[in-house]
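Peer 1: quick one, structure for this:
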Amino acid sequence: MSAQGLEVIDHTVHLTHEWINELADRLDWTSARDVLRLMRSTLHAIRDHLGVDETAQFSAQLPLLIRGMYFEGWVPKTTPIKERHLKGFVSRIEVSVSDVIEYRGPKDIQGVMKMLNARISRGEVEDIRANLPTEIRDFWPAP
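Peer 2: Residues are numbered from 1 along each chain as shown. Predicted coordinates:
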């Protein structure tokens, strides 16, 4: 029993730390804050390329706290976005991590995608990839 009796909150905080730690290990980054920023911006870029139904299905597999970040700032009537090319997808993410010293380029974004491959069901990963523009789908490592 948690000190406050709110196990669901304790659990999602624990899972969120697991995701951040796993991604930090995959990227070999030292700053958990920067890892979270890259994860958040990558999730937002993915989200904004999906339709409403797929966005909701994907979110159901995210820990509650990460799900909240995933939906942060989302305006369904303006998504999916019209940018269909990998260059714009990567550029959008890179703007949010431009001052991260440990960021090494698109392979770090792929590190987020590899973590998602490991953390969510294979079927959902395949659904997400199938709904992305071809260049972005090809950029996402197969599960």
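Peer 1: phi, psi of the residue positioned nearest the centre of the chain?
Peer 2: Most central in the chain under Cα atoms, centre = their mean is L43, positioned 2.9 Å from the mean C-alpha point. Note on L43: backbone dihedrals following degrees, to the nearest 10 are phi -60, psi -40.
Peer 1: pretty sure it sits against Y70.
Peer 2: Yes - L43 is in contact with Y70 according to Cβ atoms under 8 Å; the separation is 4.9 Å. (Glycine included, C-beta is placed from N, CA and C.)
Peer 1: what touches both of those two?
Peer 2: Shared contacts of L43 and Y70, defined by Cβ atoms under 8 Å, 6 or more residues apart in numbering, are found at L62.
Peer 1: list the contacts of the residue nearest to the centre of the chain.
Peer 2: Taking Cβ under 8 Å, 6+ apart as the test, what L43 contacts is L62, I66, M69, Y70, V112.
Peer 1: name the element the fourth one belongs to?
Peer 2: Spelled out, that is Y70. Per DSSP states H and E, Y70 falls inside helix 64-71.
Peer 1: how about that helix: buried residues?
Peer 2: Within helix 64-71, the residues that count as buried by 16 or more other Cβ atoms under 10 Å are L65, I66, R67, M69, Y70, F71.
Peer 1: distance of the fourth one from I109?
Peer 2: In this structure, M69 lies at 16 Å from I109, with Cβ to Cβ, to the nearest Å as the measure.
Peer 1: the fifth one too?
Peer 2: Here Y70 is placed at a distance of 16 Å from I109 (Cβ to Cβ).
Peer 1: noted, bye for now.
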